[in-house]
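>>> Fold the stuff below for me.
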Amino acid sequence: MSSYTCISCRVAFADGDVQRAHYKTDWHRYNLKRKVADMPPVTAENFQERVLAQRAAAEQHLNDATVTEGCAVCNKKFSSANAFQNHLQSHKHQQAEKQALLAAQRKVEKMNEKNREKGLGDEKVDHDARNEALQQALKEQQRPSLAKQGTAQTSQGATKHRTDRLEKPPRMMWLEEQAKRRERGEGATAEEGKEEK
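Okay, the predicted model is just below:
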């Protein structure tokens, strides 16, 4: 009978070095956890099968969970969020966004010209209606690619937010806000000075 054994795994060893190496294995740790939970130990072969099954399940879950991000403007799909973010920062994407905006503006202008020809156009320019028509034209332009890509609306929101930040750096926005506050503060102190006189 061998003097080197592992009670948790119910295995015997020829010498102490092999036993010490066994104590460092995942199989031994797994059996220790099972022992604490009052469960019987598993054999080394059974443990390997469980490990392989777990890895396969994890890979399958990862493949299923990988949501491909898509750019509606460029009509491209990306396998990772990092690749998608890099694309949003690219010069090519920004140019494509500008082109899409210009195309939408041209479409709105053509619609306005048709309305004027029909006598439907007012003499005054309604900027709110124009902006609403522009947004509607952009949505219509992106609608075919949205059907292909599924949930690209979140990426559009991220794109819009990203371009807003690129137009004005945060420091510039903060400085403008501070200037507005000062103007309001100076205006208030000037009015208070007039009331005191």
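>>> Spatially nearest residue to E97, not counting backbone neighbours?
V73 (5.3 Å; Cβ to Cβ, 6 or more residues apart in numbering). (C-beta placed from N, C-alpha, C; glycine too.)
>>> For K180, see how far away the one you found is.
33 Å (Cβ to Cβ, to the nearest Å).
>>> What are the phi and psi values at the residue nearest to E97?
Per-residue torsions, V73: phi -70, psi -50 (degrees, to the nearest 10).
>>> Pretty sure it sits against A100.
Yes: V73 lies in contact with A100 (Cβ atoms under 8 Å); the separation is 5.3 Å.
>>> the more surrounded of those two?
V73 (25 against 17; other Cβ atoms under 10 Å).
>>> mind checking pLDDT for that one?
Looking at V73, its pLDDT is 83.
>>> what's the answer for Q60, then?
pLDDT, read off for Q60, is 83.
>>> now do H22
Reported pLDDT for H22: 95.
>>> just Q153 next, same as before
Reported pLDDT for Q153: 49.
>>> same question, L146
Taking L146 on its own, its pLDDT is 47.
>>> try the one 4 residues further on
Looking at G150, its pLDDT stands at 48.
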